[in-house]
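Chemist: okay, sequence plus prediction incoming.
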Amino acid sequence: MDGIPFKEGFFTWPEAPGEQAFLLGNKCKSCGKIYFPKVALCPGCLKDDSLEELKLSPRGKLYTYTVVRVPSPGFKVPYVFGYIDLPEGVRVCSQISTAEYDQLKLGMEMEMVLGQVREGGAKPIIGYLFRPVKT
Amino acid sequence: MREVAVIGVGMTKFGKYIGTSAKDLGRIACLAALKDANISPQKIQVGYCGNAVAGVMTGQTMVLGQLAMKEVGIIGIPITNIENACSSGSTAFREGWMAVASGMYDIALVLGVEKLYASDTGKTVQALAGASDIEIEGGLGLIMPGVWAMRAIKHMEKYGTTIDQLAKISVKNHDNGCLNPNSQYQKPCTLEEVHKSRMIADPLTVLHCSPIGDGAAAAVLCSKEKAYQYTTKPIFVAASVLTTGTYDMLRDLTTNELETRAGKEAYEFSGIGPEDVSLAEVHDCFTIAEVLRCESLGLCPKGEYGRWVDQGLTEIDGKLPVNPSGGLLAKGHPVGATGVAQVAEVVWHLRGEAGKRQVKNAKVGLTHCSGGAILGDTAACTVTLLKK
């Protein structure tokens, strides 16, 4: 994929076309809590080396969303923005990749894909997006 | 802790001040508060200044409090500058209250000031985007109207709140703003105008959103023992609470846990219950925000605020007048000034000096300010209770 990652360490970058990308969180081995975005240390335990990296589920449920109609630098409008709840107990904020706003329903199943989140300089900024799972 | 009174308040009209600096706005508000308290600047022993984005907007990155207060002769005392997003002014007020309540000082001056207008609106939007984690949400396209639009959709799903009910909040607050000479907007709007104005983030149109504006507000705080030397109408601070979010990821976004917590703490500290509140000035940065604030603070049962609005219960002559000043939606929201201006509004009502928008027989007023967004939660929240 041609572009610059939105932020290093937030998600896996597929080696081959069509390969599933994953969000990267971390889990505290001491208390079991899962974090996304990753934390530098577990704020509940404050122990050294208690964290392990974790690939999060690429599927979740749409908690809520909106259609943004006002542009800000790098963002073409309209675009859909929402919160997706993952089975690990993590809520992710993300753009929603769909043109069919009317079809969006709270609680519907969503899946993660990589794509352009905003315009960059020479190259687009690539990050994670969620889209409705086709049934 | 000892009892503390507000003995003087003042503010600039909120609006567009091209060519007037943050320091100038601060001076105007400080002078108004000193005159209202009938006190000389030499009597002020400690000062606090709340401001959020003067550094970005004006280049005045530091010492704004000292600069504004020096203009009215407040010199040679401890002055602290405070940033806490939209709660900057209310946090400064709480610091002033604590300084006097602790017995360390007898008289404090609190200032809130902000300049948000710029020829390039993008500059303002970018400055305010700093109220979230700039490395995450902002970079993905989340804007504040979007945050509240998503909450509105969730509240509608859970409680059946309607877009008409939300729009009526804008109509109410604009009507109230018409009665307030300090209000940025003093023009009514109809339900149809709210619905048909420019869409910002579905379902919120621009008339569901507070405007960009400049302004300042100030208050003089004094120990109860000395208050009667300056005024016959001291207004007492019954409680002033500041807290932060807990950032639980799977929070219910139809309510604000930190506001419930701050409210409870204020009610317990003061012995005043939500049912005793005569009027509330809450942080209606968006129409849906007024709903969540009032429900989270226990002023109205969860999910009921829309119906309260339908029944007119939140109007100036209703059971619970909310934002009689016009609120952020009409009076305006120069963020650092907002919390202190809310205090000024409540003080005027409790003194019986609120003019055409006076809430009858007002005995207790509540002010609420929340600021900043972190992982979908709120960064800072203040709740202050004032009584006669």
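Modeler: Great, that's in hand. Bear in mind that the values here come from a model prediction, so they are computed numbers and not experimental data.
Chemist: quick one, strands of chain A?
Modeler: A:4-5, A:24-28, A:34-35, A:51-55, A:59-68, A:79-86, A:90-96, A:109-118, A:125-132 (DSSP state E).
Chemist: pick out the shakiest of those, pLDDT-wise.
Modeler: Lowest mean pLDDT of the strands of chain A: strand A:4-5, a mean of 88.
Chemist: now the residue in the stretch 101-250 of chain B positioned nearest to chain A: which helix or strand?
Modeler: Across the stretch 101-250 of chain B, no residue is closer to chain A than residue B:149, which sits at 3.7 Å (C-beta to the nearest C-beta). C-beta here means a position set from N, CA and C on the backbone, and glycine is covered the same way. Element membership of residue B:149, judged by DSSP states H and E, is helix B:144-159.
Chemist: quick one: average confidence on that helix?
Modeler: Averaged across helix B:144-159, pLDDT comes to 96.
Chemist: write out the residues of chain B neighbouring chain A.
Modeler: Taking C-beta under 8 Å from any C-beta of the partner chain as the criterion, chain B approaches chain A at residues B:122, B:125-126, B:129, B:135-137, B:139-143, B:145-146, B:149-151, B:153-154, B:157, B:198-202, B:204, B:249-250, B:253, B:376.
Chemist: mind checking which of those are buried?
Modeler: Taking 16 or more other C-beta atoms under 10 Å in any protein chain shown as the criterion, what is buried in the residues of chain B next to chain A is B:125-126, B:129, B:136-137, B:139-143, B:145-146, B:149-151, B:153-154, B:199-202, B:204, B:249, B:253, B:376.
Chemist: how about the residues of chain A by chain B?
Modeler: So chain A meets chain B at A:6-7, A:36-37, A:63-70, A:72-73, A:75, A:79, A:81-83, A:85, A:89-91, A:93-95, A:101, A:106, A:117-118, A:125, A:127 (C-beta under 8 Å from any C-beta).
Chemist: picking that back up, show the contacting residues for the residue of the stretch 101-250 of chain B closest to chain A.
Modeler: Contacts for residue B:149 (C-beta atoms under 8 Å, 6 or more residues apart in numbering or on different chains) come out as A:66, B:200, B:201, B:202, B:203, B:204, B:286, B:288.
Chemist: which among the strands of chain A is found nearest to residue B:209?
Modeler: For those, distance to residue B:209 was read as C-beta to C-beta. The smallest value, 12.7 Å, belongs to strand A:59-68.
Chemist: before we move on, back to that, could I get the strands of chain A as JSON lines with mean neighbour count?
Modeler: JSON lines is the format used below for the strands of chain A (neighbours: other C-beta atoms under 10 Å in any protein chain shown):
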{"stretch": "strand A:4-5", "mean neighbour count": "15"}
{"stretch": "strand A:24-28", "mean neighbour count": "20"}
{"stretch": "strand A:34-35", "mean neighbour count": "16"}
{"stretch": "strand A:51-55", "mean neighbour count": "14"}
{"stretch": "strand A:59-68", "mean neighbour count": "22"}
{"stretch": "strand A:79-86", "mean neighbour count": "23"}
{"stretch": "strand A:90-96", "mean neighbour count": "22"}
{"stretch": "strand A:109-118", "mean neighbour count": "20"}
{"stretch": "strand A:125-132", "mean neighbour count": "21"}
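Chemist: turn those strands into CSV, columns for distance to residue B:20.
Modeler: CSV is the format used below for the strands of chain A (distance: least, C-beta to C-beta, whole Å):
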stretch, distance to residue B:20
strand A:4-5, 42
strand A:24-28, 48
strand A:34-35, 46
strand A:51-55, 51
strand A:59-68, 33
strand A:79-86, 36
strand A:90-96, 38
strand A:109-118, 36
strand A:125-132, 39
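Chemist: right, and these - which one's nearest residue B:170?
Modeler: With distances scored as C-beta to C-beta, the stretch of the strands of chain A nearest to residue B:170 is strand A:59-68 (17.7 Å).
Chemist: run the angle between that closest one and strand A:125-132 for me.
Modeler: Angle, strand A:59-68 to strand A:125-132, by axes from the mean of the first three to the mean of the last three C-alpha atoms, to 10 degrees: 110 degrees.
Chemist: by contact count, what packs against strand A:59-68?
Modeler: Strand A:59-68 is packed against strand A:79-86, strand A:90-96, strand A:109-118, strand A:125-132, helix B:144-159, strand B:199-201, with contacts defined by 3 or more C-beta pairs under 8 Å, 6 or more residues apart in numbering or on different chains; DSSP states H and E.
Chemist: run the chain-centre distance for the last one.
Modeler: Right, strand B:199-201. Offset of strand B:199-201 from its chain centre (C-alpha atoms, centre = their mean, to the nearest Å): 24 Å.
Chemist: want to throw the helices and strands packed on strand A:59-68 into TSV with distance to residue B:300?
Modeler: Converted to TSV, these look like this (distance: least, C-beta to C-beta, whole Å):
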stretch	distance to residue B:300
strand A:79-86	25
strand A:90-96	27
strand A:109-118	33
strand A:125-132	34
helix B:144-159	11
strand B:199-201	25
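Chemist: for those, which one sits closest to residue B:11?
Modeler: Residue B:11 lies closest to helix B:144-159 among those, at 23.8 Å (C-beta to C-beta).
Chemist: send me that closest one as CSV with only the CA atoms.
Modeler: Output of helix B:144-159 as CSV, limited to C-alpha atoms (Å, rounded to 0.1, in the frame of the first residue of the first chain):
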residue,chain,number,x,y,z
MET,B,144,-15.7,18.2,18.8
PRO,B,145,-19.1,18.6,17.0
GLY,B,146,-18.6,15.0,15.9
VAL,B,147,-18.0,13.8,19.5
TRP,B,148,-21.4,15.3,20.5
ALA,B,149,-23.2,14.2,17.4
MET,B,150,-22.3,10.6,18.2
ARG,B,151,-23.6,11.1,21.8
ALA,B,152,-26.8,12.6,20.4
ILE,B,153,-27.4,9.5,18.2
LYS,B,154,-26.8,7.2,21.1
HIS,B,155,-29.1,9.2,23.4
MET,B,156,-31.8,9.2,20.8
GLU,B,157,-31.5,5.4,20.5
LYS,B,158,-31.5,4.8,24.2
TYR,B,159,-34.1,7.3,25.4
